[in-house]
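Trainee: Sequence unavailable; structure follows:
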């Protein structure tokens, strides 16, 4: 049967991060038909965690949870003829592949195991002082080569999240990168992969319009991918959650930037994506166009950035501002008298209290102190001692949420570009043979697109001041130190209003934390969506914990809570 005649590839996801629902592998293997089951275990913070694991034991550096999930998952997958593809190899895919083989021998399930390597660039050097991990984001070519060689289980190091789908799809349909048709098909698979990568975020998890939906235990998503790269996003019958145009739109906007979504296999044009409801819990993705990938790969660097400490003072009842001023002044005096004041000292008063509250917790506000320095001594006893010594001599009702302790190290993530031709992706096949996966021959330098023409604005009419979230959904996330906030409308009329109302200037007014930062707005008319990228909102990335929401997960919901003048017809 030729690739064009092959039936759709049915590929599911069982993990969106290291620590996701443990039972998902069993649920996905027993809940319905699959050809491939994927798992995404890596994130910027995960690479730092695995890097510290590797320092303690060079034989580690991979996601240990994956092995425990395979203790019964391996046999279930073999019984059902399902291939398993996961990036759980982290910093040691060869070590994880060996561990899977040992597990297979122990549980008596004969499987062929392969792995992909070449992403680890740490040995190259030249990254600067203190770099703990340096990994290029590889594409799906190595995965495809392993599957072509008959592998039942493929584990990788750092690949793009979408590569877990593009690799199996390229293997299944025989796609290359030589023709425009194959680039379009690969781009469609990238979009499907981006929808699947975060697990239940595509099936109602973390969804802006969750009211009225059963999202207590959403099922994990499945993509039915067709030979032309179009797909249908769905889930196993009988599982919780929902798959509709809204949930898929939300995930499409998550942690993306402009309309050109670049990857090592192909650059997918997000402005060409079309979504349509295809029945209950089924959304069709079509029309995706692809372009040659850029000549560079993204590489992620992590390092220990310094030391931090944190104390949260609880302020209860009356005179909250005065109590905060008292304890802040006392701590500042102690820091000024110390041998060395921490390089960074930040205070934030969160007014979570309510007047005349019927519980103590509801009557309390939180004053958060965060300090950072390159010297652990500067954030250790100096800070914890200053806080504890005030226990009997500060504001009435003094207490803290947890006893302050020593400082802890924090991490820094940095994204850099490396020449794709200089990174050797290697597929290590089940028989041990090593196959070099060539970089893309055709490349295209990434350039921004011209802003698309907007629909005409709604006619002027009466408005009512109300939360933006009554007419718009949002989902936000992190990319290094930047945050993205995707906002979408659920009707054409709401889109016509949103596209003209939510400018960069208005965005900065509604979110003052972003007001003095560089903000770029990307317009995606097919999705009735806007995507804002806020540079530097997260400092040096999630591991640095520069703000109380270090991954910007709640920024979109903060935006939706802001009040604006909305046309009454939309309400």
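Mentor: Received, thanks. Since the structure is predicted, the reported quantities are computational estimates derived from the model, not experimental observations. Residues are numbered from 1 along each chain as shown.

Trainee: residue contacts, the residue lying farthest from the centre of the chain?
Mentor: For the chain, the residue at maximal distance from the C-alpha centroid (Cα atoms, centre = their mean) is residue 393, at 44.4 Å. The neighbours of residue 393, taking Cβ atoms under 8 Å, 6 or more residues apart in numbering as the test, are residue 330. Quick note: C-beta positions are derived from backbone N, CA and C, even for glycine.

Trainee: wouldn't residue 155 be in contact with residue 83 here?
Mentor: No: with contact defined as Cβ atoms under 8 Å, residue 155 does not reach residue 83; the gap is 11.8 Å.

Trainee: out of those two, which sits in the more crowded spot?
Mentor: residue 155 (33 against 24; other Cβ atoms under 10 Å).

Trainee: List the buried residues in the helix or strand hosting that one.
Mentor: Using DSSP states H and E, residue 155 sits within strand 153-156. For strand 153-156, the neighbour count (16 or more other Cβ atoms under 10 Å) marks 153-156 as buried.

Trainee: again, but for stretch 485-501
Mentor: 485-490, 494-499, 501.

Trainee: How about residue 440, nearest residue that isn't a chain neighbour?
Mentor: Leaving aside its sequence neighbours, residue 440 sits nearest to residue 293 (Cβ to Cβ, 6 or more residues apart in numbering; 5.1 Å).

Trainee: That should have said residue 214, apologies.
Mentor: Nearest to residue 214 is residue 240, by Cβ to Cβ, 6+ apart, at 5.4 Å.

Trainee: Same check on residue 198?
Mentor: Here the residue nearest residue 198, using Cβ to Cβ, 6+ apart, is residue 16, at 4.2 Å.

Trainee: I'd like to know how many residues surround that neighbour.
Mentor: Using other Cβ under 10 Å: residue 16 sits among 24 other residues.

Trainee: How about the one 4 residues further on?
Mentor: Burial of residue 20, expressed as a neighbour count using other Cβ under 10 Å, amounts to 20.

Trainee: just the strands in the stretch 351-500 of the chain please.
Mentor: In the stretch 351-500 of the chain, the strands defined using DSSP state E, counting those that start in this stretch lie at 364-373, 399-400, 408-419, 425-428, 434-437, 463-467, 472-479, 482-489.

Trainee: Distance to residue 138 and mean pLDDT added to these, as TSV?
Mentor: Listed next are the strands of the stretch 351-500 of the chain as TSV, based on distance: least, Cβ to Cβ, whole Å; pLDDT from 0 to 100:
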stretch	distance to residue 138	mean pLDDT
strand 364-373	33	96
strand 399-400	45	96
strand 408-419	11	93
strand 425-428	5	98
strand 434-437	8	98
strand 463-467	42	98
strand 472-479	18	96
strand 482-489	22	97
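
Trainee: Of those, which is nearest residue 34?
Mentor: strand 425-428 (22.6 Å; Cβ to Cβ).

Trainee: what separates the closest one from the chain centre, distance-wise?
Mentor: 25 Å (Cα atoms, centre = their mean, to the nearest Å).

Trainee: one step back: could you pull up the mean pLDDT of the strand holding residue 155?
Mentor: Average pLDDT, strand 153-156: 98.

Trainee: Packing partners of it?
Mentor: helix 64-80, strand 83-86, helix 93-107, strand 113-117, helix 141-148, helix 163-173 (3 or more Cβ pairs under 8 Å, 6 or more residues apart in numbering; DSSP states H and E).

Trainee: again, 7 Å this time
Mentor: strand 83-86, helix 93-107, strand 113-117, helix 141-148 (3 or more Cβ pairs under 7 Å, 6 or more residues apart in numbering; DSSP states H and E).

Trainee: separation between the nearest residue to residue 43 once chain neighbours are set aside and residue 204?
Mentor: Distances taken as Cβ to Cβ, 6+ apart put residue 17 closest to residue 43, at 5.8 Å, once the chain neighbours are dropped. Remark: distance between residue 17 and residue 204 (Cβ to Cβ, to the nearest Å) = 17 Å.

Trainee: Please say which of those two ends up with more neighbours.
Mentor: residue 204 (26 against 16).

Trainee: Which of the three states applies to the more buried one?
Mentor: coil (DSSP: H, G, I helix; E, B strand; the rest coil).

Trainee: what residue ranges in the stretch 401-550 of the chain are flagged as low confidence?
Mentor: For the stretch 401-550 of the chain, no stretch has pLDDT under 70.

Trainee: what would the strands of the stretch 351-500 of the chain look like in JSON lines with distance to residue 191?
Mentor: Output for the strands of the stretch 351-500 of the chain, formatted as JSON lines (distance: least, Cβ to Cβ, whole Å):
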{"stretch": "strand 364-373", "distance to residue 191": "38"}
{"stretch": "strand 399-400", "distance to residue 191": "47"}
{"stretch": "strand 408-419", "distance to residue 191": "22"}
{"stretch": "strand 425-428", "distance to residue 191": "22"}
{"stretch": "strand 434-437", "distance to residue 191": "22"}
{"stretch": "strand 463-467", "distance to residue 191": "30"}
{"stretch": "strand 472-479", "distance to residue 191": "16"}
{"stretch": "strand 482-489", "distance to residue 191": "14"}
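
Trainee: check contacts around residue 473.
Mentor: With contact taken as Cβ atoms under 7 Å, 6 or more residues apart in numbering, residue 473 is in contact with 208-209, 246, 250, 488, 490.

Trainee: Number of residues surrounding residue 343?
Mentor: Count around residue 343 with other Cβ under 10 Å applied: 14.

Trainee: Would you mind confirming that it is in contact with residue 375?
Mentor: No: Residue 343 lies out of contact with residue 375 (Cβ atoms under 7 Å); the separation is 8.5 Å.

Trainee: And the strands in the stretch 151-300 of the chain, which stretches?
Mentor: Using DSSP E, counting those that start in this stretch, the strands found in the stretch 151-300 of the chain span residues 153-156, 221-225, 231-235, 260-261, 267-269, 274-277, 283-286, 289-291, 296-316.
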